[in-house]
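A.B. asks: could you look at this predicted model? Sequence included:
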Amino acid sequence: MSTPEPLSWRRLFSFFIPLGISASLVTISHVIINRTLAFAVDAEVVIASYALAMSLVTITERPSTLLRQTCSALVGDRLSFKALLKVTWIFLAFVLAIGILIVYTPIGKWIFNTLFGIKDSMVPLVINVYAILMFVSIFSVIRNIYQGIIITNNRTKWLTIGMVFRLAGMYSLSLYFIYYHQITSGTIGAILFLTGMIIEAAVSYSEGRNIAKKMPEKLADHPVETRADVFKFYKPLLFSSFVAMLIGPAINVVLGKTEGIALAISSFAIASSLLQLMLSFFTYIHQIVLNFYHIDPKKVRRFGLLTGFIPVTLLAIIAYTPMSYWVLGHIMNVNGELLTQSLYTLRAFVLYALVMPWLDYSNGLILLRGQTKAMFRSQMANAICTFIVLIILLFIFPAWNGVIGALAQSIGLAAELAIITLVIRRTGRRSGLQVNN
């Protein structure tokens, strides 16, 4: 855990920068995948099939990511870590069972055909991609729980090291597919993603396991001892993730009903990947709050102010200057109408880039206090607003394509921040973990 020494800016940045770099490299890995798939003969269909399958994978990926936050907030000794592992295996078994049902039963066809509204001819392409991506959950869980230990013990450089190896492996494999293998389906993207996750999980497990062995068996004042203690904290996060997971598929369902289906989904996927590249470095602000707010709240708040406006500035520079054509055209290998629609969609994400850092900071306070039930309410507000805006824009401006998804997602995120802010103001500035929230 954190040491009692005074909190310095050097300590904050030495903790945060490796996290930011690792998160940026994660986003770059998705850019590598989209760039690789852009070399396909029918790029729009290939990218769309991968994006549709990935939107379903987020159902498992988000709850898995929350395990990292749960680990950072709850694990302080080996007893609490064992309790977390018990919850983790239950979650993983459930996720894999769902994946098997989707791939090997008619449920999968019904989900993509009926809920997503995609054509019968495209359903097998999407299911083939998902059949590979569902195994990502195994290695994602391993990565996240051990990264939680690594972060709590201020060994954040290992997240960067893991991502460097992941990126190198994915890029090498990407070059192989581009130059020595004809890219005909989104399964290539799934193979790249799974390979990268395996590499990163191996590095995280290696370092995290060493740290776990050195933790004390039981801390006298640590409140987390059993699986029930972990589940009381994690359950509201899990429910909130189930609400959040509906947003991505809902957006793709609506985009599938626009005037240009493949174009809308592809442009949204490309703009989203660039948006995440702008945001990725700043997605660990909640970890600053979790690890240092109890030491020096004022300095942590100043850190938030210092970093919070950087993402929207970066996105505006990319989206509203000639640099956009260089990034999309030369780096992403996007051209023609797909480039134009991707640019419009990227510009619609400006509000999202403005809101996200402040939401991450606020969620850090909520996690620190153990008030995870509030995150369920905020996600509900996000989902409801997103769905309402999606429907309104679809009926009024169906030709806006990917812009519909970007605006709806941005407004939904703003609603989520509004709810979290109200909870924080209502409950004051008290901190400290409360397992029984």
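C.D. replies: Done, it's in. Residues are numbered from 1 along each chain as shown.
A.B. asks: quick one, helices of the stretch 301-437 of the chain?
C.D. replies: Remark: helices of the stretch 301-437 of the chain, listed N- to C-terminal, are 310-319, 323-326, 336-347, 350-369, 373-396, 402-427; assignment by DSSP state H, counting those that start in this stretch.
A.B. asks: what is the orientation angle of the last one with helix 336-347?
C.D. replies: Taking axes from the mean of the first three to the mean of the last three CA atoms, to 10 degrees, one finds helix 402-427 and helix 336-347 inclined to each other by 20 degrees.
A.B. asks: now helix 402-427: buried residues?
C.D. replies: For helix 402-427, the neighbour count (16 or more other CB atoms under 10 Å) marks 402-417, 419-420, 423-424 as buried. Every residue, glycine included, has its C-beta placed from N, CA and C.
A.B. asks: what angle separates that helix from helix 373-396?
C.D. replies: Helix 402-427 and helix 373-396 are oriented at 150 degrees to each other (the same axes, to 10 degrees).
A.B. asks: got it, and the first one?
C.D. replies: Angle, helix 310-319 to helix 373-396, by the same axes, to 10 degrees: 20 degrees.
A.B. asks: CA atoms of helix 310-319 as CSV?
C.D. replies: Extracted as CSV, the C-alpha positions of helix 310-319 are listed here (Å, rounded to 0.1, in the frame of the first residue of the first chain):
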residue,chain,number,x,y,z
ILE,A,310,-5.4,17.7,-22.4
PRO,A,311,-7.5,15.0,-24.2
VAL,A,312,-10.1,17.3,-25.7
THR,A,313,-7.3,19.7,-26.8
LEU,A,314,-5.6,16.8,-28.6
LEU,A,315,-8.8,15.6,-30.2
ALA,A,316,-9.7,19.1,-31.4
ILE,A,317,-6.3,19.5,-33.0
ILE,A,318,-6.7,16.2,-34.9
ALA,A,319,-10.3,16.7,-35.9
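A.B. asks: tell me which other helices or strands it touches.
C.D. replies: Here helix 310-319 touches helix 261-279, helix 336-347, helix 350-369, going by 3 or more CB pairs under 8 Å, 6 or more residues apart in numbering; DSSP states H and E.
A.B. asks: select, out of those, the one closest to Tyr325.
C.D. replies: Nearest to Tyr325 among the helices and strands packed on helix 310-319 is helix 336-347 (7.3 Å), distances taken as CB to CB.
A.B. asks: in that closest one, which residues are buried?
C.D. replies: Taking 16+ other CB under 10 Å as the basis for neighbour counts, the residues of helix 336-347 that come out buried are Leu338, Leu339, Thr340, Gln341, Ser342, Leu343, Tyr344, Thr345, Leu346, Arg347.
A.B. asks: cool, and stretch 287-307?
C.D. replies: Buried residues in stretch 287-307, counting neighbours by 16+ other CB under 10 Å, are found at 287-296, 299-300, 303-304, 307.
A.B. asks: quick one: that stretch to chain centroid distance?
C.D. replies: Put simply, stretch 287-307 sits 22 Å off its chain's centre (CA atoms, centre = their mean, to the nearest Å).
A.B. asks: same question, stretch 151-161
C.D. replies: Here the centre of stretch 151-161 is set off from its chain's centre by 18 Å, with CA atoms, centre = their mean.
A.B. asks: contacts for stretch 51-58?
C.D. replies: 102, 111-112, 116, 118, 126-127, 129-130, 133-134, 136-137, 186, 190, 193, 245, 248-249, 251-252, 265-266, 268-269 (CB atoms under 8 Å, 6 or more residues apart in numbering).
A.B. asks: before we move on, what about stretch 306-326?
C.D. replies: Judged by CB under 8 Å, 6+ apart, the contacts made with stretch 306-326 from elsewhere in the structure are 274-275, 278-279, 281-282, 285, 327, 339, 343, 346-347, 349-350, 353-354, 356-358, 361.
A.B. asks: next, the distance between the ends of it.
C.D. replies: The stretch stretch 306-326 measures 29 Å between its terminal residues, going by CA to CA, to the nearest Å.
A.B. asks: what of stretch 73-82?
C.D. replies: Across stretch 73-82, the straight-line distance between its terminal residues is 14 Å, by CA to CA.
A.B. asks: same question for stretch 99-119.
C.D. replies: 21 Å.
A.B. asks: cool, stretch 209-219 as well?
C.D. replies: End residues of stretch 209-219 are separated by 19 Å (CA to CA).
A.B. asks: what's the separation between Pro357 and Ile288?
C.D. replies: Taking CB to CB, to the nearest Å as the measure, Pro357 falls 11 Å from Ile288.
A.B. asks: that should have said Thr152, apologies.
C.D. replies: Applying CB to CB to Thr152 and Ile288 gives a distance of 13 Å.
A.B. asks: can you count the residues close to Ile247?
C.D. replies: Ile247 has 24 neighbours, counted by other CB atoms under 10 Å.
A.B. asks: equivalent analysis for Trp89, please.
C.D. replies: Per other CB under 10 Å, the neighbour tally for Trp89 reads 10.
A.B. asks: ok, it to Ser137 distance?
C.D. replies: 12 Å.
A.B. asks: can you check Thr258 too?
C.D. replies: Noted for Thr258: a distance of 30 Å to Ser137, by CB to CB.
A.B. asks: before we move on, what about Pro297?
C.D. replies: Applying CB to CB, one obtains 36 Å for the distance of Pro297 from Ser137.
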